[in-house]
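Engineer: I would like the atomic coordinates for the input below:
(chains A and B)
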Amino acid sequence: MACAGYQEKLIEAALDPESAVAREAGFVRHIESCAVCRAELERQRALYSKIEGGIEALVNVSVPPAIAARVRQEISAGPSSAFAWGNWAWLTAAGIAAMAVLLALMYRPTVAPQQPAPVQLTSHSAQVAPLAPAIPTPQNAASAIAPMRSTRTPKIAAAHAAALEPPQLSDVAVNAPIGPPRVEVIVPAGQREAVLRLASALQTGNVDLAGILAPLPQSLQPADLQIAPLEIKPLDAPEAAGNTISPDPKPSIRN
Amino acid sequence: MQALEAILPGSRVQDGSSTNEIAQEFEALLADGASLAFRMAMGVLRNRADAEEVAQEALLRAYRNFRSLRERGAFRGWLCRIAWRLALDRQRGSRRREKRELAAPEPRPEPTAEQVAASSEFNRHLGRAMDELPEKLRQALVLAALEGYSTREVATLLDLPEGTVKSRVHAARRILAEKLSWLVPDIKKS
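Structural biologist: Here you go, the predicted structure:
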C-alpha cells in the first residue's frame, strides 16, 4: 500500500513518466526514500506496460492481403452482387406500396350521394308523452328542412341537446324511424327554436349572427312530436300486411 | 474496376471526375484502407476471421458511397468510422448469439494471479476490460495503439482536438489499469 497522498501521483507518474507530477522534486525524493511507494510505482508501470503491449499486439497484426483482393473481386463482380440487395429492396418496397394503394382503393369508404334526409325536431316535453294519441302532421319541421345536404349538423345539435338533458327511453323508442330513413332530432323544449334557426342558417348558407337571429320563417315553426298509436293486429289477418301505424287517433286493439 | 463503368456509366461526380478517375482514386486508397479497417476491426473483435470480413464489408461500403465523399482527404477517418460501426454491430450480434447458446453458463472461479501469469490470459482479461470501456475512450485507445499513428493523426481521423484525444487515451488506460490491477502481482519491495 502506497503512502497516503501519493497514490494518485504514483498512477500519474506510471501513466506518463514525462508528466509534471513524475518530475516533481518532492515526489522524486519520496520515491527514492520510500521502498513501498517505489515498489508500487514499479508495479503500476509494469501494469501499464502490459496494457499497452497487449493493445498494440492486438491491433498491429499483419493484414491479410486477401482483403484488398476480395474487395476488388467484389467490385469487379459488378452491380449484380454489389447492388443485388439494393435492387431487391427497391422492388420489394415498390411491391408493398402497390399493394397498399390497391387495398386502399378496394376498401375505401364509398360516399354515395345521400338523399336529402328529412329532419324532424321533437321534444320530450310533457305534452309529447309516448302514449299520447296524436296524428302525424305533414307540416312539421322535418319537411321544411328536408333539402339539407348533410345531416351532420342536426346530429351535432341533437348530441348537444342530449348532453344537456338526457333523453328518456320512451323518446328514443318513439323516435325510432319506421319506413324510409328519417332524421329526427330531439332537443329540449326550450331550445327547439334555436336549433331550427341554426338549421335554417346552415341550409341557406348564411351562417352568421344575423342569419341565426333572424326571425324564423313560418315553414320552420317547430312542431311537437306527434305520435301515432300502435295498432296490434293478428298476424293472419289480411290487413296486417299494411302499415302498423294507424292514422286513427284513438288506440284500438283488435282480436 | 470494369464494374464501376457498369454501375456508373459515363457519369461524372460532383468534382467533375469521371468513373475511371474515381476507380483509380479508390484503388490508390485501397491498400492503406484495408490495413486501417482490418486493424480497427481487430481492436474491437479480437478475431482475425471476423475482422477480415468486417474490413471487407467496410471497404465495399466505402466504395459504394465514394462518390458522396467530397473531401477525399477525409477518406481514412470516414473508413475508420464505417469499420468501427460494423465491428461493433458484429460484436453485439455475436454476443447475442453467445447468450442464446449459453443458456446455463457454468460458474467460473476467479483465477488467481499465478493462473493469469500467461500473457494470453492477461490479454483475454484486457480484451474484456476494453469491451467495457465507453465507446469514445475505446476508439481513441485503439487508434492511438495503431503503429504509425501519432496523436495528431488520431485527432485528424476522429476529427477531434489533439488534447481531447490525449485525455481520452489517458482516461481509458486508467480505467483499464484499475480493472486489471489485480493481475499484476506485487513487486518485492527493495
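Engineer: Give me the pLDDT for residue 15.
Structural biologist: Since no chain was named, I'll use chain A. pLDDT recorded at residue A:15 is 87.
Engineer: wrong chain, I was asking about chain B
Structural biologist: For residue B:15, the pLDDT comes out at 51.
Engineer: quick one, strands of the chain?
Structural biologist: With no chain named, the answer covers chain A. Ranges of strands in chain A, per DSSP state E, are A:119-123, A:183-187.
Engineer: among those strands, which gets the worst mean confidence?
Structural biologist: Averaging pLDDT over each of the strands of chain A puts strand A:119-123 lowest, since it has a mean of 49.
Engineer: what bits of the stretch 101-250 of chain A have low per-residue confidence?
Structural biologist: A:109-185, A:189, A:211, A:217-225, A:236-250 (pLDDT under 70).
Engineer: measure residue A:26 to chain B for me?
Structural biologist: Separation of residue A:26 from chain B (C-beta to the nearest C-beta, to the nearest Å) stands at 21 Å. The C-beta positions use only the backbone N, C-alpha and C, and glycine is treated the same way.
Engineer: again, but for residue A:28
Structural biologist: With C-beta to the nearest C-beta as the criterion, residue A:28 and chain B are 17 Å apart.
Engineer: Name the nearest residue to that residue, sequence neighbours excluded.
Structural biologist: Once flanking residues are discounted, residue A:28 sits nearest to residue A:22: 8.0 Å by C-beta to C-beta, 6 or more residues apart in numbering or on different chains.
Engineer: I'd guessed the one you found sits against residue A:12; true?
Structural biologist: Yes - the criterion here is C-beta atoms under 8 Å, and residue A:22 meets it with residue A:12 at 6.9 Å.
Engineer: and for those two, which residues touch both?
Structural biologist: Overlap between the contact sets of residue A:22 and residue A:12, as judged by C-beta atoms under 8 Å, 6 or more residues apart in numbering or on different chains, is nil.
Engineer: Tell me who's in contact with residue B:136.
Structural biologist: Counting by C-beta under 8 Å, 6+ apart, residue B:136 makes contact with residue B:168.
Engineer: for residue A:15, same thing?
Structural biologist: Applying C-beta under 8 Å, 6+ apart, the residues near residue A:15 are A:44, A:48, B:170, B:173-174, B:177.
Engineer: at 7 Å instead, please
Structural biologist: Contacts of residue A:15 were listed using C-beta atoms under 7 Å, 6 or more residues apart in numbering or on different chains, and they are A:48, B:170, B:173-174.
Engineer: Find the pair from these with maximum spatial separation.
Structural biologist: Largest separation among the contacts of residue A:15 by C-beta to C-beta: A:48 and B:170, giving 10.8 Å.
Engineer: follow-up on the earlier one: report how many residues lie close to the residue nearest to residue A:28.
Structural biologist: 18 (other C-beta atoms under 10 Å in any protein chain shown).
Engineer: Just give the nearest non-adjacent residue to residue B:78, would you?
Structural biologist: Per C-beta to C-beta, 6+ apart, closest to residue B:78 is residue B:69, 6.1 Å.
Engineer: so how far is residue B:61 from that neighbour?
Structural biologist: 11 Å (C-beta to C-beta, to the nearest Å).
Engineer: and what of residue B:157?
Structural biologist: Separation of residue B:157 from residue B:61 (C-beta to C-beta): 17 Å.
Engineer: And the two? Which one has more around it.
Structural biologist: Using other C-beta under 10 Å as the criterion, residue B:157 and residue B:61 rank with residue B:157 on top: 23 against 16.
Engineer: For whichever strand or helix holds that one, give the mean pLDDT please.
Structural biologist: Assigning secondary structure by DSSP states H and E places residue B:157 in helix B:151-158. Helix B:151-158 shows a mean pLDDT of 91.
Engineer: With stretch B:165-182 instead?
Structural biologist: 92.
Engineer: what's in contact with that stretch?
Structural biologist: The set of residues external to stretch B:165-182 that reach it, using C-beta under 7 Å, 6+ apart, is A:11, A:15, A:47-48, A:51, B:125-126, B:129-130, B:133, B:136-138, B:140-141, B:144, B:151, B:154-155, B:158.
Engineer: Next up, the contacts around residue B:29.
Structural biologist: By C-beta under 7 Å, 6+ apart, the neighbours of residue B:29 are residue B:75.
Engineer: how far away is it from residue B:53?
Structural biologist: 20 Å.
Engineer: what does residue B:129 give?
Structural biologist: From residue B:129 across to residue B:53, the span is 25 Å (C-beta to C-beta).
Engineer: Now for residue B:132, how many residues are close by?
Structural biologist: Residues near residue B:132, counting by other C-beta under 10 Å: 10.
Engineer: What helix or strand is the closest residue to it other than its chain neighbours located in?
Structural biologist: Closest residue in space to residue B:132, ignoring its immediate chain neighbours: residue B:179 at 7.5 Å, by C-beta to C-beta, 6+ apart. Using DSSP H and E, residue B:179 sits within helix B:162-180.
Engineer: Can you point out the buried residues in that helix?
Structural biologist: B:165-166, B:168-177, B:179-180 (16 or more other C-beta atoms under 10 Å in any protein chain shown).
Engineer: Residue A:31 against residue A:42, yeah?
Structural biologist: No - Residue A:31 is not in contact with residue A:42 according to C-beta atoms under 7 Å; the separation is 9.8 Å.
Engineer: Return the member of the contacts of residue A:15 nearest to residue A:234.
Structural biologist: Of these, the one sitting nearest to residue A:234 (C-beta to C-beta) turns out to be residue B:174, at 101.2 Å.
Engineer: any weak-confidence spans in chain B?
Structural biologist: For chain B, the stretches flagged by pLDDT under 70 are B:1-19, B:99-119, B:186-190.
Engineer: Let me see the ranges of the helices in it.
Structural biologist: Per DSSP state H, chain B carries helices over the ranges B:2-7, B:19-45, B:48-64, B:75-101, B:119-131, B:135-145, B:151-158, B:162-180.
Engineer: And for chain A?
Structural biologist: Under DSSP H, chain A gives helices at A:7-15, A:20-23, A:25-33, A:35-59, A:66-76, A:79-82, A:84-106, A:141-144, A:152-164, A:169-175, A:192-204, A:209-213.
Engineer: Most tightly packed of the ones you listed?
Structural biologist: Each of those was scored by mean neighbour count; the highest is helix A:141-144, a mean of 22, by mean count of other C-beta atoms under 10 Å in any protein chain shown.
Engineer: Apart from its chain neighbours, what residue comes closest to the most centrally placed residue in chain B?
Structural biologist: The centroid of chain B falls nearest to residue B:40 when counting by C-alpha atoms, centre = their mean (2.3 Å). Leaving aside its sequence neighbours, residue B:40 sits nearest to residue B:83 (C-beta to C-beta, 6+ apart; 4.4 Å).
Engineer: Over to residue B:84?
Structural biologist: residue B:40 is the one closest to residue B:84 (C-beta to C-beta, 6+ apart), at 5.6 Å.
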